[in-house]
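A.B. asks: Take this sequence and fold it.
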Amino acid sequence: MGNSFGRLFRITTWGESHGGGVGVVIDGCPPRLPITETDIQLELDRRKPGQSTIVSQRKESDTVKILSGVQNGLSLGTPISMLVLNEDARGRDYDEMREKYRPSHADYTYEVKYGLRAWEGGGRASARETIGRVAAGAVARKLLQEWYGVEIVGWVEQVKDLAAEVEPTHVNREDVEATMVRCPDPETAERMIALIEDTRKNGDSVGGIVGCVAREVPAGWGEPVFDKLEADLAKALLSLPACKGFESGSGFGGTLLTGTEHNDEFWADDEKQVFTPTNRSGGIQGGISNGMPIVVRAAFKPTATVMREQHTVTTKRENTTLQGRGRHDPCVLPRAVPMVEAMVALVLADHALRQRAIDPPA
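C.D. replies: Coordinates of the predicted model:
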């Protein structure tokens, strides 16, 4: 249970961090959508470990193999199954964790729930599970681009107390990918990189915020009452490993404004297209898209594994200490950007199909 996401565009991820491999099954992808392994690999390469000095040094090619649902570069309309093999798992790094719970990890809670746990790398609780999400997100992104011209761009907005000045309507992927930290503000990016590297050398970790914008989303996507667009986006992003907070539009900052300061006034252009100059709603009103850019932010905590000794207990409930080992991200944010984009794409693709299902024929 809990391994599937979406209604009409539905995904199920599978696999453990140190098992044979990980992957995803997509059910509900429409037929005749152009899909290649290259499309998927582009996004997985942005997520994979070892891509820079400020992320996990686990050496994985994360090469994707499409097993079903695609023929001659087109989706068949049948389930799409994708596989990525684990190539560099080092179970010996976790020998001590067999008998000890890692602080702030899912070790204890998984064992309480299931009576056992995949102690090597955290199993399903590992961020390696997100390979399936990113692979499926690449297909969702293709659907959104081909059918609606929707563009989704994520970026690192803040690392600890270092915040970039970013205008969501102008940020582009080229600027985001220009630095290893994926912050489109070059000066702030350099300071972020220095902070992460210093933190890594000290055996510690830091968190921060990832921003994301979806442009050209048509008005009308989203469902009342429990399936509001921002509600589904919130669940999608909060389901990511290490994500602890979500904001849409003005977010918590909107609490500091009055109603007249916060309201987005409606205007119409010469072509009778409705728009809001301020977009404090973040492109969503009443849980339904209004045609303006959808803007969200996700807060990620510091990586739980640190290379310092901390207090914990054994599986026999005896007090002890544990020092982190293995290869871990000192900051999850650079690799979280494609994960956030993928989850936003999955939500939007699902709601696009749901809206298509109720639209009357032309």
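A.B. asks: Helices of this structure, residue ranges please.
C.D. replies: If DSSP state H is used as the criterion, the helices of the chain fall at 37-47, 107-114, 130-148, 173-176, 186-201, 229-238, 259-262, 333-358.
A.B. asks: Nearest to V25, out of those?
C.D. replies: Distance to V25, taken as Cβ to Cβ, is lowest for helix 130-148 among these, at 8.5 Å. Yep, even glycine has a C-beta here, placed from its N, CA and C like the rest.
A.B. asks: I'd like the average pLDDT over stretch 351-362.
C.D. replies: Predicted confidence along stretch 351-362 averages 88 (mean pLDDT).
A.B. asks: Actually, stretch 266-275.
C.D. replies: 93.
A.B. asks: re the thing from before, any chance of the helices of the chain in JSON lines, with mean neighbour count and distance to K100 too?
C.D. replies: Formatted as JSON lines, the helices of the chain follow (neighbours: other Cβ atoms under 10 Å; distance: least, Cβ to Cβ, whole Å):
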{"stretch": "helix 37-47", "mean neighbour count": "19", "distance to K100": "29"}
{"stretch": "helix 107-114", "mean neighbour count": "14", "distance to K100": "8"}
{"stretch": "helix 130-148", "mean neighbour count": "23", "distance to K100": "25"}
{"stretch": "helix 173-176", "mean neighbour count": "16", "distance to K100": "38"}
{"stretch": "helix 186-201", "mean neighbour count": "17", "distance to K100": "23"}
{"stretch": "helix 229-238", "mean neighbour count": "22", "distance to K100": "28"}
{"stretch": "helix 259-262", "mean neighbour count": "10", "distance to K100": "49"}
{"stretch": "helix 333-358", "mean neighbour count": "24", "distance to K100": "26"}
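A.B. asks: These: lowest mean pLDDT?
C.D. replies: Across the helices of the chain, helix 107-114 has the smallest mean pLDDT, namely a mean of 92.
A.B. asks: Show residues contacting that one.
C.D. replies: M97, Y101, R117, A118, W119, G122, G123, R124, A125, T315 (Cβ atoms under 8 Å, 6 or more residues apart in numbering).
A.B. asks: do that again at 10 Å, thanks
C.D. replies: When contacts are defined by Cβ atoms under 10 Å, 6 or more residues apart in numbering, helix 107-114 is touched by residues 94, 97-98, 100-102, 106, 116-119, 122-125, 304, 312-313, 315.
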